[in-house]
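Engineer: sequence plus the predicted model coming up.
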Number of protein chains: 2
Amino acid sequence: MNLPATAQKFIVHWGEMGARWGINRSVAQIHALLYLSPRPLPADEIAETLAIARSNVSVGLKELQTWGLVRVTHTLGDRRDHFDTSSDVWELFRVIIRERKRRELDPTLALLRECVSEAKVSESKQLPHLDERLEAMLEFMELTDAWGERAAKLAPKNLRRLAKLGDSIFKLAE
Amino acid sequence: MNLPATAQKFIVHWGEMGARWGINRSVAQIHALLYLSPRPLPADEIAETLAIARSNVSVGLKELQTWGLVRVTHTLGDRRDHFDTSSDVWELFRVIIRERKRRELDPTLALLRECVSEAKVSESKQLPHLDERLEAMLEFMELTDAWGERAAKLAPKNLRRLAKLGDSIFKLAE
DNA sequence: TCATTATTTCTGTAATTTCTGAAATTTGGG
DNA sequence: CCCAAATTTCAGAAATTACAGAAATAATGA
């Protein structure tokens, strides 16, 4: 595909942002392209459009599928797999939250719970407040986890509605 | 310093998590150590405790200072710089939000605004919905930005209170 | 079944990032 | 102002990650 300059700019930036958040640049670019595309794209078209090796696209698409961000579709008269992603940013947000929670937050919670129970019994001279600090961190992660859980359950439309309530929500805290 | 096993576990995990979020492993470990420490630590003690080169600690601490996460302090009779970080997780959260907003969200918003105004005028045959998609993304980022802004302004105590309101807030959206 | 096309896996290379130890610079006390 | 301690800078080594192209595998339909 021949990309308009605007789309190129967006895709390149998306790749850079992905890299800053621990997502491989090409993977982020593939996702950005699919997000802009009005139709599912076959892997070779992605490779050609982004000027990366076909094999890389294959790996990137697998990765995006493990995140639940990309689906395979087929069309009559074409043997090739076609790939697409949701065009709803709130849905994408939901999926990413769910997955990062599963991959990172849950293991961190498990570890923190272990650490907290260990720290309670064994006092350390070097780190006298170890248990307090770990407990504070655990509380933070548990609250984050609960928010993630709830956000992941909400329908995209409601998530958007909630986001728009911003001001009134923050007033609750003052 | 001689680290208790529990503290080691936490620091190692923190390093791995940092790496997944685009933070250098040693940098994240330094921060984790300072978080657990009851007192500011001099750089050489950090290097020794984490078994990394002194020069590396220097660079890592500089990086943490640019994030606003670490301060330098001094004590009488010791020429060395001592470093510490907030022991309040909500304060840390606030600082990180503020900084990621500044570094990543703000530039992304600027770019998206550019893209949206370009896309409005120049129609693309390949990507007929380009403008819609970019506008949806812009709206998402603007809302995220507004939440970040508000969260960064809130006092740590209020941030915690708000986090604990979780359930009742999400009910608003249904 | 066979030929063709599509996809994935694998291997080596390139690029990037991280890290160390030495050298240079800065700081503060005497 | 000089010395010693502390810190930073820097260049290269080590490790990791990303990537391309070839080879292998799988799928399709004639």
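Structural biologist: Yep, it's here. Since this is a predicted model, take the numbers as computed values, not measurements.

Engineer: stretch A:8-23 - what's its average pLDDT?
Structural biologist: For stretch A:8-23, mean pLDDT rounds to 95.

Engineer: list the contacts for the residue nearest to A:Ala151 when sequence neighbours are not counted?
Structural biologist: Spatially, and ignoring its direct neighbours in sequence, A:Ala151 is nearest to A:Ile97 (5.4 Å; C-beta to C-beta, 6 or more residues apart in numbering or on different chains). C-beta here means a position set from N, CA and C on the backbone, and glycine is covered the same way. Neighbour list for A:Ile97: A:Gly148, A:Ala151, A:Ala152 [criterion: C-beta atoms under 8 Å, 6 or more residues apart in numbering or on different chains].

Engineer: which one of those is nearest to B:Ala119?
Structural biologist: A:Ala151 (28.8 Å; C-beta to C-beta).

Engineer: please tell me how far the closest one sits from DNA strand D.
Structural biologist: Plainly put, A:Ala151 is 27 Å away from DNA strand D if you go by C-beta to the nearest atom of the strand, to the nearest Å.

Engineer: that's a strand at that residue, yeah?
Structural biologist: No - read with DSSP: H, G, I helix; E, B strand; the rest coil, A:Ala151 is helix and lies in no strand.

Engineer: so it makes contact with A:Leu159?
Structural biologist: Yes - counting by C-beta atoms under 8 Å, A:Ala151 touches A:Leu159, with 6.4 Å between them.

Engineer: so between those two, which is more surrounded?
Structural biologist: Applying other C-beta atoms under 10 Å in any protein chain shown to A:Ala151 and A:Leu159 shows that A:Leu159 carries more neighbours, namely 25 against 21.

Engineer: contact partners for the residue nearest to that one when sequence neighbours are not counted?
Structural biologist: Closest residue to A:Leu159 apart from its sequence neighbours, by C-beta to C-beta, 6+ apart: A:Trp90 at 4.7 Å. Residues near A:Trp90 by C-beta under 8 Å, 6+ apart: A:Pro156, A:Lys157, A:Leu159, A:Arg160, B:Phe140.

Engineer: at 10 Å instead, please
Structural biologist: A:151, A:154-163, B:136, B:139-140, B:143 (C-beta atoms under 10 Å, 6 or more residues apart in numbering or on different chains).

Engineer: three-state assignment of it?
Structural biologist: What three-state DSSP gives for A:Trp90 is helix.

Engineer: same thing with the one 5 residues further on?
Structural biologist: Classification of A:Val95 using three-state DSSP returns helix.

Engineer: got the confidence number for the residue lying closest to it once chain neighbours are set aside?
Structural biologist: Of all residues not flanking A:Val95 in the chain, A:Gly68 sits nearest, at 5.1 Å (C-beta to C-beta, 6+ apart). A:Gly68 carries a pLDDT score of 96 in this model.

Engineer: so what's the residue count around A:Gly68?
Structural biologist: 16.

Engineer: does the longest strand along chain A reach DNA strand D?
Structural biologist: With secondary structure taken from DSSP state E, chain A has its longest strand at strand A:78-85. Yes - judged by C-beta under 7 Å from any atom of the strand, strand A:78-85 comes into contact with DNA strand D at A:Arg79.

Engineer: what strands line up against that strand, and which way round?
Structural biologist: strand A:41-42 (antiparallel), strand A:70-75 (antiparallel) (DSSP bridges).

Engineer: ok, and for that strand, which residues are buried?
Structural biologist: A:His82, A:Phe83, A:Asp84, A:Thr85 (16 or more other C-beta atoms under 10 Å in any protein chain shown).

Engineer: how about the residues of chain A by DNA strand C?
Structural biologist: Residues of chain A lying near DNA strand C (C-beta under 7 Å from any atom of the strand): A:19, A:42-44, A:54-55, A:58-59, A:61-62, A:79-81.

Engineer: what's the farthest-apart pair in the residues you listed?
Structural biologist: Going by C-beta to C-beta, the pair spanning the residues of chain A next to DNA strand C furthest: A:Ala19 and A:Arg79, at 33.8 Å.

Engineer: which SS state does A:Gln126 fall under?
Structural biologist: Going by three-state DSSP: A:Gln126 is coil.
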